[in-house]
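Trainee: When you get a sec, could you give me coordinates for this:
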Amino acid sequence: MTREEREPGMARVLVVDDAVFMRKMVSDALAKGGHEIVGEAGNGQEAIERYQELKPEVTTLDITMPEMDGIAALKAILDLDPAARVIMCSALGQESKVLEAVKAGARDFVVKPFQAERVLEAVGKALA
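Mentor: Have a look, this model is predicted:
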């Protein structure tokens, strides 16, 4: 489905988190909101590869992951595509990391555990 065929405000999304259940929660919330989940990744390195391959309109990135954390992946994705729309996901108590991510170019952040509405709001904001 091309961008033109989809509803306005709907996006192709790459969901990145090392926890499978968290990827499922984010994916389910976004799919219920009408977004298309084009792929998933379990760490930062995989996120970069999937981003290049899938060219999503929005990427959700967990901050704490093995191999390469979300902030390093964010910077690498923005180096590849300065227009990338990335939303960071972090657990409570990671305020300094969230701040670092926003300074590095993240469009928004969602604190886990999150409400589905908050994830949809962040994607909407990133698309605006």
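
Trainee: mind listing the strands in this structure by residue range?
Mentor: 12-16, 36-41, 58-62, 86-91, 108-112 (DSSP state E).

Trainee: Dump those strands to TSV, plus distance to Glu121 and mean pLDDT.
Mentor: For every residue, glycine as well, the C-beta is placed using N, CA and C. Converted to TSV, these look like this (distance: least, CB to CB, whole Å; pLDDT from 0 to 100):
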stretch	distance to Glu121	mean pLDDT
strand 12-16	14	97
strand 36-41	17	98
strand 58-62	12	96
strand 86-91	10	91
strand 108-112	8	89
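
Trainee: Out of the ones you listed, flag the one nearest Ala101.
Mentor: Ala101 lies closest to strand 86-91 among the strands of the chain, at 4.4 Å (CB to CB).

Trainee: pLDDT weak spots in this protein?
Mentor: Along the chain, the model assigns pLDDT under 70 to residues 1-8.

Trainee: does the most centrally placed residue in it have beta-bridge partners, and which?
Mentor: Centroid-nearest residue in the chain, with CA atoms, centre = their mean: Thr60, separated by 0.9 Å. Under DSSP bridges, the beta-bridge partners of Thr60 are Val15, Ile87.

Trainee: For Glu117, which residues are in contact?
Mentor: The contact partners of Glu117, by CB atoms under 8 Å, 6 or more residues apart in numbering, come to none.
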